[in-house]
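1. can't give you the sequence, but here's the structure:
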């Protein structure tokens with residue numbers, strides 16, 4: 001590692017720009033659709049089911065095949081291997097066979113000489129479908145007993161007894177909508193046939209290895225016959241973890257069948273209807289508490305719409321259970337989770353992976369308890385925090401790194417919570433139409449894949465004789481700054497400028513059997529794997545210098561002034577040349593497996609996470625009680641990233657995550673009809689936050705006292721997912737603002753997203769209540 005006293009230019013902890021920042025702004029960063037097309041490249045479009053659940057009685061593709069520019073049309077009957085692009089359970093078919101499960105399910109793929117020709121032809125199919133009953137909502141699926149797996153139960157203590165004995169008790173319910181990923185770059189892939197049946201596939205995917213394995217399964221090939229490559233994605237947010245496989249597999253099928261390159265770029269409307277969303281949830285709670293608001297017993301009932309197939313829903317719903325406690329000790333708790341199968345597109349991973357939904361439930365409980373006791377909601381939150389003797393989670397993991405009390409107290413002090421709360425009370429007393437709300441909510445998010453074997457990563461580092469460094473690892477870049485962070489780690493090992501480290505595209509023929517870049521673990525795992533590879537080479541270089549200058553290896557130091565061996569000094573390129581002449585390998589793989597984690601899903605107990613990431617946000621909002629519209633007036637964030645690998649990248653991730661979470665809870669509404677057709681499938685009807693929706697004042701600080709007590713890469717902490725949940729403070733503040741519209745009537749029944757319609761409905765319901 002670089003000498004502590006002489007940090008290298010571009011070393012870790014430096015606020016460096018994203019490695020592709022200039023290329024992004026200049027438009028020169030290449031994505032799948034930007035790659036030059038080889039002569040004869042075919043363009044693909046899926047033929048999609050127009051209606052919902054039904055039995056296919058006939059599929060006439062005559063007009064499709066006869067359409068101008070069409071070269072080939074393929075269905076399930078043309079698949080040489082297995083018709084399966086699912087991550088685990090074998091229930092996601094590339095093309096429907098006899099039964100249509102949801103509107104938008106692929107029935108076939110068209111290969112044509114142009115993108116438009118393929119799309120036009122795909123709409124000429126004539127499908128005869130016998131309609132079958134469609135279960136679309138959570139309530140309908142629950143009533144029919146339609147599930148993707150048995151309900152799961154997590155518990156500690158005797159919740160029933162604690163509820164019965166509690167001096168105060170209340171129950172309630174909150175509904176939480178789903179969310180479209182709306183990545184700027186849609187789903188895309190390009191497959192090129194090679195020699196002896198091999199294929200090279202460019203895919204916009206978070207999980208190149210899974211795409212590789214599924215293509216091999218569809219085509220009946222070995223994994224080694226398929227190489228999947230991804231240099232960058234234009235956003236993903238979980239929507240390209242499993243969902244990219246169908247697009248890549250279709251391209252691979254066409255390339256294998258025709259011998260020509262095959263490319264697909266999904267139209268935004270098609271992307272919307274074909275791909276899964278964040279799971280929507282209905283959460284019921286029954287809570288007992290004392291007069292200070294401290295919880296004595298609680299039950300949660302979680303129900304989610306999983307869609308037509310399993311996808312990643314079991315793990316996503318598990319994580320909702322893991323985070324139903326957030327930062328709070330629940331002394332006697334029972335969490336029951338229902339995973340419901342519906343005839344809608346299968347929901348999938350989305351930033352937070354179920355954790356945000358679980359947290360919304362317990363934060364609503366905190367607001368409800370405070371309202372019943374007429375207490376400050378922050379005081380209720382603080383009295384329930386984990387602490388000494390109160391440090392065991394519902395899944396029996398001991399919380400050993402609890403910084404939430406200190407972090408929350410610091411944010412409340414520096415943001416002036418007490419004075420601002422009084423100011424909001426005064427504002428509401430003086431205004432009849434406009435009402436303000438203020439809320440401070442915390443985040444405790446577990447870091448690791450909860451499927452234990454996924455917690456592994458590999459890297460490959462080459463150093464050339466001129467001292468330049470080639471870096472490859474299993475992580476994928478989707479705009480989050482993973483590549484620059486890992487490059488900084490490698491540069492730091494050799495004390496060289498980060499510009500010497502050349503990041504290369506993620507490829508399955510360089511680093512095999514990789515896990516998805518997900519679960520906020522990209523920098524943790526790939527950074528450590530790259531560090532291990534670089535350290536191996538550094539030790540070899542140190543041995544060369546020691547032998548050449550006649551000193552012990554421990555006397556060799558890598559600094560920004562060069563490599564120092566005793567009283568001698570050489571440049572890093574000079575040492576690399578010496579090693580090459582001495583026939584010393586300057587290439588190494590690196591591997592990392594997250595230590596000390598284990599989990600028994602049968603009992604829902606263990607240590608599924610290596611550590612927790614913490615944060616807190618204070619949000620102030622104002623609503624118009626006549627229109628239901630709102631503005632986020634001010635946001636103050638204090639977030640713990642440990643010792644940040646790159647503060648500039650981390651601050652960007654926090655801001656982006658917060659705004660994305662705010663959109664989920666306020667403006668982004670998915671609407672389905674009674675057959676499961678998505679009606680909000682374009683920017684005209686689905687409203688993501690714009691620059692104008694950013695809070696009027698937004699102050700974000702990294703917690704200076706942050707350190708990771710676990711041996712992560714340079715004691716940093718993950719930052720990808722946790723900030724999204726900071727936006728729960730906006731939802732809580734909106735709830736408080738609605739409550740102010742009818743003082744003394746209790747907590748409103750406000751569901752998410754808190755659209756103007758829902759805010760107005762909540763105000764009306766609240767005013768109609770008896771005092």
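-> Okay, I see it. Since this is a predicted model, take the numbers as computed values, not measurements.
2. Next, the distance between the ends of stretch 474-482.
-> From its first residue to its last, stretch 474-482 covers 11 Å (C-alpha to C-alpha, to the nearest Å).
3. average pLDDT for it?
-> Taken as a whole, stretch 474-482 has an average pLDDT of 97.
4. Pull the residues that contact that stretch.
-> Under the contact criterion C-beta atoms under 8 Å, 6 or more residues apart in numbering, stretch 474-482 has outside partners 18-20, 183, 205-209, 230-237, 240, 457-459, 483, 486, 506, 511, 514-515, 517, 522-523, 525-526, 529, 646, 649, 652-653, 720. Placement of C-beta: from N, CA and C, glycine included.
5. From residue 289, how far off is the residue lying closest to residue 243 once chain neighbours are set aside?
-> Excluding the flanking residues, the one nearest residue 243 by C-beta to C-beta, 6 or more residues apart in numbering is residue 275, at 4.6 Å. Distance, residue 275 to residue 289, by C-beta to C-beta, to the nearest Å: 41 Å.
6. rewinding a little: next, the contact list for the residue nearest to residue 243, please.
-> Contacts of residue 275 by C-beta under 8 Å, 6+ apart are 181, 187, 239, 243, 345, 348.
7. Counting only strands, which of those residues make the cut?
-> Using DSSP state E, no member of the contacts of residue 275 sits in strands.
8. So of these, which two are at opposite extremes in space?
-> 187 and 345 (13.1 Å; C-beta to C-beta).
9. Might you report the residue contacts of the most far-flung residue of the chain relative to its centre?
-> Distance from the centre of the chain peaks at residue 550, with 51.5 Å (C-alpha atoms, centre = their mean). Going by C-beta under 8 Å, 6+ apart, residue 550 touches residue 566.
10. Equivalent analysis for residue 687, please.
-> 663, 667-669.
11. Of those residues, which is the nearest to residue 627?
-> residue 667 (14.1 Å).
12. can you count the residues close to the closest one?
-> Number of residues near residue 667 (other C-beta atoms under 10 Å) recorded here: 18.
13. With the one 5 residues further on instead?
-> Using other C-beta under 10 Å, the number of residues around residue 672 comes to 23.
14. beta partners for it?
-> residue 678 (DSSP bridges).
15. Quick check: it vs residue 683, distance?
-> 18 Å.
16. how far does stretch 483-493 sit from the chain's center?
-> Centre-to-centre, stretch 483-493 and its host chain are 23 Å apart (C-alpha atoms, centre = their mean, to the nearest Å).
17. For stretch 263-272, measure first residue to last.
-> End-to-end distance (C-alpha to C-alpha), stretch 263-272: 19 Å.
18. Could you let me know which of the contacts of residue 687 ends up closest to residue 385?
-> residue 663 (28.3 Å).
19. Against residue 690, how distant is the closest one?
-> 9 Å.
20. Mind checking which of these two has more residues around it?
-> Using other C-beta under 10 Å as the criterion, residue 663 and residue 690 rank with residue 663 on top: 22 against 10.
21. What is the burial count for the closest residue to the more buried one other than its chain neighbours?
-> Leaving aside its sequence neighbours, residue 663 sits nearest to residue 689 (C-beta to C-beta, 6+ apart; 4.2 Å). When neighbours are counted by other C-beta under 10 Å, residue 689 registers 18.
22. contacting residues for residue 689?
-> 659-660, 662-663, 666-667 are the contacts of residue 689 under C-beta under 8 Å, 6+ apart.
23. closest to residue 749 among the residues you listed?
-> Here the nearest of these to residue 749, counting by C-beta to C-beta, is residue 666; it sits at 16.6 Å.
24. mind listing the strands for the stretch 51-200 of the chain?
-> 54-60, 70-74, 99-100, 106-112, 126-131, 152-156, 168-176, 188-193, 199-203 (DSSP state E, counting those that start in this stretch).
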